[in-house]
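# Predicted model follows, preceded by the sequence.
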Protein chains: 2
Amino acid sequence: MLRLEQYLRLLPATSHATAPALISGYSFLSSPLPRLSALRLARSRPPPLRGKTSSPVRASAEPDSTVKRAPEMAQREVARVVADQAVARLGARLLPSAVPADVVEFRNAAGNAVGSLDVQRGSPGSSIDFMLQSSLHCEVPNGAIDITSILIFLNASTDAPHFLLELIQGSSTSMVVILDLLPRKDLAFHPDYLQKYYEETGMDEQRRKIEELPQARPYRSPSLFVRSACSPTAIMVSIDCGQGGEKALEEIIHGQLAKVIQEALQTWLDNCVDSTIEMDEAERDCLLKRDRIVRSKSIEVDLTANLPRMFGPDVSSRVITEIRKAFGVQEP
Amino acid sequence: MLRLEQYLRLLPATSHATAPALISGYSFLSSPLPRLSALRLARSRPPPLRGKTSSPVRASAEPDSTVKRAPEMAQREVARVVADQAVARLGARLLPSAVPADVVEFRNAAGNAVGSLDVQRGSPGSSIDFMLQSSLHCEVPNGAIDITSILIFLNASTDAPHFLLELIQGSSTSMVVILDLLPRKDLAFHPDYLQKYYEETGMDEQRRKIEELPQARPYRSPSLFVRSACSPTAIMVSIDCGQGGEKALEEIIHGQLAKVIQEALQTWLDNCVDSTIEMDEAERDCLLKRDRIVRSKSIEVDLTANLPRMFGPDVSSRVITEIRKAFGVQEP
């Protein structure tokens, strides 16, 4: 069976309405992960929202009848639970979302790709820079590609790692998982940092749990930058349950994968969010510069290369502008 | 079948005469890779030396009759060819070896472990810091462990990567391979460096060739530091040919593996050895500091943890002293 990456490479590369030719591991694309405000509203009126959200902002963005909604699926359910846990714990550290309506949800002209993006900045005085949730649903000739991402980045009050989750599904039986406490220092140069955030937190044990699944294989991002940016305990796997493995994949997503993601989030919440550190000016400058390069490079590798081909230049430009704003980086 | 690392962990941990409990990926241990001087002599009188070398220095070190020689085997033959190619190309950039006789070859008291070490410093004005060749042969209850290493490290006239090869064999049918152009900068912070030495040189293609072997599986060093220090194109695999796979492993070592190692060396020779670079004082300080930390940490993780258990404190101390000298790092 083809790996996702190979599959994506087979798709037409020149059409604006197709999937990316290259999944780098950093995709900040999106589809209906309902905005947090919508989610909060939803909780007070069961049954929970499925497939379609009730955000008034989104409803006014584009006429609902012209495009499909992204389907409900295991990866979105798990991502939603994880995002909710993060939001509940971070509480007042997060400001309300300020993403414009036409970026909260966006579609391509052909109607076969829909994405959504939500960004909440950290409140003043907190260690949070932003929390970004996104997902993407893109129909392709033989199925669909679904990508869900949760990023929680910290600011320069600490050098603690960011939280990064990306779930990339190219079929109903296989997916790629990228889960990491994204390091903010050169780990070979800073063994104490490696020890504090990766050895002592037992992060490698989580990686092992997923890699030991018989359906899991290491996933090598085609981007050397992405591989360099991730920690040695990053989970980067493709899980392939083979023909007829729809149910098996769902069970893994709801079972072992959900558990490992939640444990990684818990580790991050317990060890990173409140980890303030004394830095002199040179150290802070270096941290800020490194953060900026990693962020810019992520956007360049992933979004500016792929998003226009899926959503056309105008929609992509709006979305990328918002992501640049969150990331605090300018166009090159 | 047990992976090498698990196998090693089963060995008694307290005896001085057993193998390391942990293979970190950096083992600068050794057994009869004949010293270069001996090799050069050997070439003028066929047949080539096998199993026993004629170095007069070595012969006087310890009485030959008390211990066994390390057996000739495919990994040593390949390493020898690779080392010869490097030496031929580096030519006058390498000074003659200056390692004391009792480190050129060393043995443990029980007579079941033999190692050898050769270090040639770079000549003044060259970019070479040192070339280190080492190998180790250690008999254990159910067989033997053989480790061969070639390291060619550059000095601060350049920031180009070092060359690193390590072959670790725990049985006649399986082995671990670590092959890398060891980066000297934080790759996520320096995308230009990543591009120059890793993307444009096509190093990832070499990795792919080995990982695509049906007998190859990714090897995760138990040391997070080792994983952090290596590049994203590093070959870190275990090759397991299964029961009865002695011949198959030999063929891989002499075939695909030898070819990939030679191509990696060629890439390194062509792109790194003569790559001089303008650095300001701060950049050079940073490079030197990073080099020092990586070197110290490598010794700590690998040698000070393992060598005394194999060779006892006195022999280990002599060997580690020589390696520290080559690495230019002091005891902590």
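Looks like it arrived, so ask away. Numbers count the residues shown, from 1 in each chain, chains lettered A, B, ... in the order given.
# Just the pLDDT for the closest residue to A:Ser172 other than its chain neighbours.
Leaving aside its chain neighbours, A:Ser172 sits nearest to A:Glu246 (4.7 Å; criterion: Cβ to Cβ, 6 or more residues apart in numbering or on different chains). C-betas here are computed from N, CA, C, even on glycine. Looking at A:Glu246, its pLDDT is 97.
# Likewise for the one 4 residues further on?
At A:Glu250, the model reports a pLDDT of 98.
# does it belong to a helix or a strand, and which?
Here A:Glu250 sits within helix A:246-252, counting by DSSP states H and E.
# for A:Thr148, same thing?
Taking DSSP H and E as the criterion, A:Thr148 maps to strand A:143-154.
# All the helices of the stretch 101-250 of chain A, in order from the start?
Here the stretch 101-250 of chain A has its helices, by DSSP state H, counting those that start in this stretch, at A:101-104, A:191-194, A:203-211, A:224-229, A:246-252.
# can you tell me which of the ones you listed comes nearest to B:Ala216?
Each of the helices of the stretch 101-250 of chain A has some distance to B:Ala216 by Cβ to Cβ; the shortest is helix A:203-211, at 15.4 Å.
# on contacts alone, who are the packing partners of that closest one?
Packed against helix A:203-211 by the contact rule (3 or more Cβ pairs under 8 Å, 6 or more residues apart in numbering or on different chains; DSSP states H and E) you find strand A:174-182, strand A:235-240, helix A:258-271.
# hmm, try it at 7 Å
strand A:235-240, helix A:258-271 (3 or more Cβ pairs under 7 Å, 6 or more residues apart in numbering or on different chains; DSSP states H and E).
# quick one on the thing from earlier: surely the residue nearest to A:Ser172 and A:Ser171 touch.
No - if you go by Cβ atoms under 7 Å, A:Glu246 and A:Ser171 don't touch, sitting 9.0 Å apart.
# between the two, who's got more neighbours?
Neighbour comparison, A:Glu246 and A:Ser171: the larger count goes to A:Ser171, with 21 against 13 (by other Cβ atoms under 10 Å in any protein chain shown).
# Thought A:Leu287 was touching A:Arg184, still the case?
Yes - look at A:Arg184 against A:Leu287 with Cβ under 7 Å: they come within range, at 6.2 Å.
# Can you pull the residues that touch both of these two?
Common neighbours of A:Arg184 and A:Leu287 (criterion: Cβ atoms under 7 Å, 6 or more residues apart in numbering or on different chains): A:Asp159.
# So between those two, which is more surrounded?
Neighbours of A:Arg184 and A:Leu287, each counted by other Cβ under 10 Å, are more numerous for A:Arg184; the result is 26 against 18.
# Mind pulling the model confidence for A:Ala59?
For A:Ala59, the model assigns a pLDDT of 34.
# Name the nearest residue to A:Pro308, ignoring sequence neighbours.
Leaving aside its sequence neighbours, A:Pro308 sits nearest to A:Ser316 (Cβ to Cβ, 6+ apart; 4.4 Å).
# re earlier: and the strand holding A:Thr148, which strands flank it?
strand A:128-140 (antiparallel), strand A:162-169 (antiparallel) (DSSP bridges).
# Compare the mean pLDDT across those and name the weakest.
For the strands paired with strand A:143-154, where the average pLDDT is lowest is strand A:128-140, sitting at a mean of 92.
# shaky segments in chain A?
Along chain A, the model assigns pLDDT under 70 to residues A:1-68, A:305, A:332.
# Those residues of chain A touching chain B, which are they?
Within chain A, the residues that sit near chain B (Cβ under 7 Å from any Cβ of the partner chain) are A:186-189, A:191, A:194, A:198-199, A:204, A:218, A:224-225, A:227-229, A:232-233, A:290, A:293-294, A:297.
# Just the buried ones among those residues, please.
With neighbours counted by 16 or more other Cβ atoms under 10 Å in any protein chain shown, the residues of chain A next to chain B contain buried members at A:186-189, A:191, A:194, A:198-199, A:204, A:224-225, A:227-229, A:232-233, A:290, A:293-294, A:297.
# Distance of the residue nearest to A:Ser172 relative to chain B?
Remark: distance between A:Glu246 and chain B (Cβ to the nearest Cβ, to the nearest Å) = 27 Å.
# for the closest residue in space to A:Gln262 that isn't next to it in sequence, what are its contacts?
The shortest distance from A:Gln262 to any non-neighbouring residue, by Cβ to Cβ, 6+ apart, is to A:Val82 (6.3 Å). A:Val82 is in contact with A:Ile150, A:Leu165, A:Ile261, A:Gln262, A:Leu265, counting by Cβ under 7 Å, 6+ apart.
# The residues you listed: which two are farthest apart?
Using Cβ to Cβ, those span at most 11.8 Å, a distance reached by A:Ile150 and A:Gln262.
# got the buried residues for the helix or strand harbouring A:Cys286?
Using DSSP H and E, the element containing A:Cys286 is helix A:281-298. Neighbour-count burial for helix A:281-298 flags A:Cys286, A:Leu287, A:Arg290, A:Asp291, A:Ile293, A:Val294, A:Arg295, A:Ser296, A:Lys297, A:Ser298 (criterion: 16+ other Cβ under 10 Å).
# now stretch A:117-126
Applying a neighbour-count criterion of 16+ other Cβ under 10 Å, the buried positions in stretch A:117-126 are A:Leu117, A:Asp118, A:Val119, A:Gln120, A:Arg121, A:Gly122, A:Ser126.
# which residues are in contact with it?
Contact with stretch A:117-126 is made by A:30, A:33, A:35-36, A:92-97, A:99, A:103-104, A:128-134, A:155, A:319, A:322, A:326, as judged by Cβ under 7 Å, 6+ apart.
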